[in-house]
Structures are given as structure tokens and as C-alpha cells.
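# this one's structure only:
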């Protein structure tokens, strides 16, 4: 008898869990996503217009920050931030987070707590409204079509890193397929070396469970943003770049769950 009751209890738990998932899918399709599409359009327009009026420092950051926080709130996604006190508000840094999924953007933009510019793929410029908003806000599109374009990108980054504005770069260059980190490219570390700025490792955990690269549905899951101690410049040159890159990788990986530790190369890195 006890076995039958226990079996029924487990079945009810599973049924309840499945019901909650279905209700959440209905909620995100019928309520959350339509609101978020309107918010995205409004945020893009506000950013474009505000930046045109001469306030790119303000309008290029705060509308996106509020937009990202609202996305997490509307999708009922809890967020936890650790280590924000480790960075100074008036100091420029190069932040290097791992890239678990699409929700990394909302976590960084909404909860890093620092005015910054993204260094992003050139292809993102083609996204309607959003691409223009990113351009107006002064975010940096990486163009690797030739040496002159790369040099132009570096010069733009240098111009952006003033008055405590920082730079955020995903050094893997692409989202993970497995939850594990891929290898780090040296671009962000080269820039930090050129400008003699501290590199701040940042660990993102939970974004992969919400919407993995191959996923189609959003799943509720806690996201944790861990800001580690800055790695100050200790010299200049190739060896220092390699040392900083290796240290940053190890620190970022240290705050991941055990199941996601160990490098797995992404095929499109």
C-alpha cells in the first residue's frame, strides 16, 4: 500500500512539474514575449534619439540596462550578483566573461553595474533597430576583413575607454554548445595590454540552462554573475598577454559548476 501511495505521489510531482512548464510556455508566448518585443523597439528608439541629442554616455547605457533587467523580471528569472565591490566605479577595465547563451547579454547589461561598451560581431549591426541602436550607443563592431579595419576597431575601443567607461568582450567569440568554455582568443587581452588596463574575469552561470545555443524554448533558471578580482597589468608584451589570458581563463572556470569544467572547443570559434 505504501508503495502504491509513493508511486502516486511521484506521479503527481511529475504531473505538476510538467503543468508548470506548459503554463510558463504559454505565459512567455502570450504575455512576456509580446511585451518584450515592444520594450526592445522602444529601447532601441530611445537609445538612437538620446545618442543623437549628444548623450551617448548616458543613453548608450541606461536604457539598455533597464531593458535587460525588465526582460529578466518579466520572464521570472532570478539573478544573483557576486563580487561587484571588487571593481572601482571610476576605473576603466576590460571585462572578459564566458559565453553560455543568449541571456548572457541581459545578465551583463542589466547587472554588471558599470557603464561599458560591448565589443561585438560585425554581423550584429544588421539586426533591425537593435544594430542601429548599438552603433548610436558607441558599441564597437569588430571588423576582421583586413589589417586596416582591425586597427580602426582598436582605435575606436581606445577612444571609448574614457571617464571610467569599460569594455566587455566575450573572449571565446561564440556561445558554447555544451555549457563548457571554449578557448580564449587573445584580442581582448591584447587591447588591455596596449592600454595597460586591468582585466576582470567574469563568470556567468545559469544562462545555458535558460536558453542554450541549440534551444528553442526559454526555461526558468537562476543566473549567477560572479565578478572576480581584477588582474592588473604587470608589464607589456606577448608573454604578459599569454599569462593574463591563462590566468583569466582559470579564474572564470573556477566559479562554474563541476559539470561544466574542462575546455570543449566550439566548432565555430
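Looks like it arrived, so ask away. Keep in mind that this is a model prediction, so the values were computed, not measured.
# Which residue ranges of the stretch 151-269 of the chain form strands?
166-168, 199-205, 223-227 (DSSP state E, counting those that start in this stretch).
# can you redo those strands as JSON lines with distance to residue 153 and mean pLDDT?
For the C-beta atoms, the positions are set from N, CA and C on the backbone; glycine is no exception. Output for the strands of the stretch 151-269 of the chain, formatted as JSON lines (distance: least, Cβ to Cβ, whole Å; pLDDT from 0 to 100):
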{"stretch": "strand 166-168", "distance to residue 153": "11", "mean pLDDT": "94"}
{"stretch": "strand 199-205", "distance to residue 153": "18", "mean pLDDT": "98"}
{"stretch": "strand 223-227", "distance to residue 153": "25", "mean pLDDT": "98"}
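# Between those strands, which one is closest to residue 177.
Smallest distance to residue 177 across those (Cβ to Cβ): 15.4 Å, for strand 199-205.
# closest one to residue 108 among the strands of the stretch 151-269 of the chain?
Comparing those by Cβ to Cβ, strand 166-168 comes nearest, at 5.9 Å.
# Tell me which strands that closest one pairs with, and in which orientation.
Sheet pairing for strand 166-168, assigned by DSSP bridges, gives strand 94-97 (parallel), strand 116-121 (parallel).
# so which of those is the most packed in?
Most buried of these, by mean neighbour count (mean count of other Cβ atoms under 10 Å): strand 94-97, with a mean of 26.
# ok, back up a step: nearest to residue 110 among the strands of the stretch 151-269 of the chain would be which one?
Here strand 223-227 is closest among those (Cβ to Cβ), at 9.3 Å.
# That closest one vs strand 199-205, what angle?
160 degrees (axes from the mean of the first three to the mean of the last three Cα atoms, to 10 degrees).
# Might you list the low-confidence residue ranges for the protein?
Counting by pLDDT under 70, the chain has low-confidence residues at 1-16, 144-150.
# let's go with 90 and repeat that
1-22, 51-60, 89-90, 118-165, 173, 187, 191, 194-195, 214-217, 265-269 (pLDDT under 90).
# nearest residue to residue 184 other than its sequence neighbours?
Spatial nearest neighbour of residue 184, chain neighbours left out: residue 171 (4.0 Å); criterion: Cβ to Cβ, 6 or more residues apart in numbering.
# mind listing what the one you found touches?
Residues near residue 171 by Cβ atoms under 8 Å, 6 or more residues apart in numbering: 96, 184, 185, 186, 187, 188, 189, 245, 248.
# mind running it again at 7 Å?
Shown in contact with residue 171 (Cβ atoms under 7 Å, 6 or more residues apart in numbering): 96, 184, 185, 188.
# Burial check on the third one, number of neighbours?
Here the neighbour count serves as a burial measure; for residue 185 (other Cβ atoms under 10 Å) it reads 16.
# and if you look at the last one?
Other residues near residue 188 come to 25 when the count uses other Cβ under 10 Å.
# my read: it touches residue 93, true?
No - using Cβ atoms under 7 Å, residue 188 is not in contact with residue 93; the gap is 10.8 Å.
# helix, strand or coil for residue 42?
helix (DSSP: H, G, I helix; E, B strand; the rest coil).
# Relative to residue 48, how far out is it?
Applying Cβ to Cβ, to the nearest Å, the value for residue 42 to residue 48 is 11 Å.
# How about residue 78?
For residue 78, the distance to residue 48 - Cβ to Cβ - is 31 Å.
# Also residue 24?
33 Å.
# more crowded one of these two?
Higher neighbour count among residue 24 and residue 48: residue 48, with 20 against 17, using other Cβ under 10 Å.
# ok, and the closest non-adjacent residue to the more buried one?
residue 136 (4.7 Å).
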